[in-house]
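Novice: only geometry, no sequence info:
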């Protein structure tokens, strides 16, 4: 995750460089259930409105939580499918809060209403993230359900009224980029605490629909708008958090934005961004799916590192005998193509490896969704880039559990 607001504050009010502080353990995004009442176009878990066999029981989830806490995991993001469809969601969340985790709820919002908002508030979720794919027409089309937008926005308002920190998640594609300005205005008008723009990653239904990935110029315009909006809020003293995910080139692009607007701040920001280091899949971000399979992050459901029923998460996560984990944990990572030659590799860390793997079969190839030009990343001479449309012989593995 790239925290735009954090670095905008650093631009406005620079702070001294301190030692890099690594988190005690990874943030764990936990897909507790695969069932969902929606069938969204970009769903990485390919969820459906049916029960899936073999999901972890309450007792098994509690055992996993004990290991996660002992291992130093600071954050649990409870996700799905739709996590509110799981009967024991409050038991799990209550226990997680008691154990001292920062607990987030990742939901489509359509099941939050007057009947359960008090229970959600009583649980004490540190954050509730609700997905909006644009305004009403666009969102309902993406979610394949008429009325989904109104239900989700109602959930946002209920959370605000209950003093629950709530944010909007938006996955940018070529088909909804036109709604981004209006959605940012909605976040402003509704007093929403956080806006998270996710770049489309090639996993699950997002992999099948990657032909709709926002083309590079569209991505640049979206990021310009994000930066301008965040800076404008900061200048007005409005406390709002803007973040992005699934494209660590955003950090490099912010450097170019600063070079245009405040060149005297570029060197300081570069040092801060290099300390961040970019992509941390397999290092500071982890995923457990509904069956207990462990993945480097949520976009790697087709690649399993182990299962918490057979081995503790803490053992799986530290095992670098797996070649993918060994490569992800290597510092620096050994990547190829434009990513390997990029002058800003220390900032983005080679970006999101799953896109390279999905398109070429090689997780260490260049990330085809880097939207900066060769000149902008310090390369010269003509070179052929990995294309977003895959070669027909590349087989894309998809989780069908």
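Specialist: Perfect, thanks for sending it. This is a predicted model, so every value here is computed, not measured. Numbering: from 1, shown residues only.
Novice: in the chain, which ranges drop under the pLDDT threshold?
Specialist: Along the chain, the model assigns pLDDT under 70 to residues 40-50, 201-214, 382, 387-401.
Novice: what's the single longest helix in it?
Specialist: Looking across the chain with DSSP state H, the single longest helix is helix 216-236.
Novice: what does that one rub up against?
Specialist: Surrounding helix 216-236, the residues in contact under the criterion C-beta atoms under 8 Å, 6 or more residues apart in numbering are 4-5, 8-9, 11-12, 172, 174, 177, 180-181, 184, 197, 199, 214, 240, 242, 244, 247, 250, 253-254, 257, 369, 371. Where you see a C-beta, it was placed from the backbone N, CA and C, and this is true even at glycine.
Novice: now the helix or strand following it and helix 216-236, what's the angle there?
Specialist: Using DSSP states H and E, the helix or strand that follows helix 216-236 towards the C-terminus is strand 241-245. Put simply, strand 241-245 runs at 160 degrees to helix 216-236, going by axes from the mean of the first three to the mean of the last three C-alpha atoms, to 10 degrees.
Novice: who does strand 241-245 touch, helix- and strand-wise?
Specialist: Here strand 241-245 touches strand 2-3, helix 4-12, strand 194-199, helix 216-236, going by 3 or more C-beta pairs under 8 Å, 6 or more residues apart in numbering; DSSP states H and E.
Novice: Pipe those into CSV and attach distance to residue 168 and mean neighbour count per row.
Specialist: Listed next are these as CSV, based on distance: least, C-beta to C-beta, whole Å; neighbours: other C-beta atoms under 10 Å:
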stretch, distance to residue 168, mean neighbour count
strand 2-3, 16, 20
helix 4-12, 14, 18
strand 194-199, 5, 22
helix 216-236, 13, 17
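Novice: For the host helix or strand of residue 186, buried residues please.
Specialist: Counting by DSSP H and E, the element that carries residue 186 is helix 180-189. Neighbour counts using 16 or more other C-beta atoms under 10 Å place 180, 183-184, 186-187 of helix 180-189 among the buried residues.
Novice: for those, which one is nearest residue 332?
Specialist: Distance to residue 332 across these (C-beta to C-beta) is lowest for residue 180, with 33.1 Å.
Novice: Pull the distance from stretch 184-200 to the chain's centre.
Specialist: Here stretch 184-200 is found 15 Å from its chain centre; the criterion is C-alpha atoms, centre = their mean, to the nearest Å.
Novice: for residue 274, what are its contacts?
Specialist: Counted by C-beta under 8 Å, 6+ apart, residue 274 has contacts 346-347.
Novice: if you set the cut-off to 10 Å instead, what comes out?
Specialist: Counting by C-beta atoms under 10 Å, 6 or more residues apart in numbering, residue 274 touches 20, 251, 344-349.
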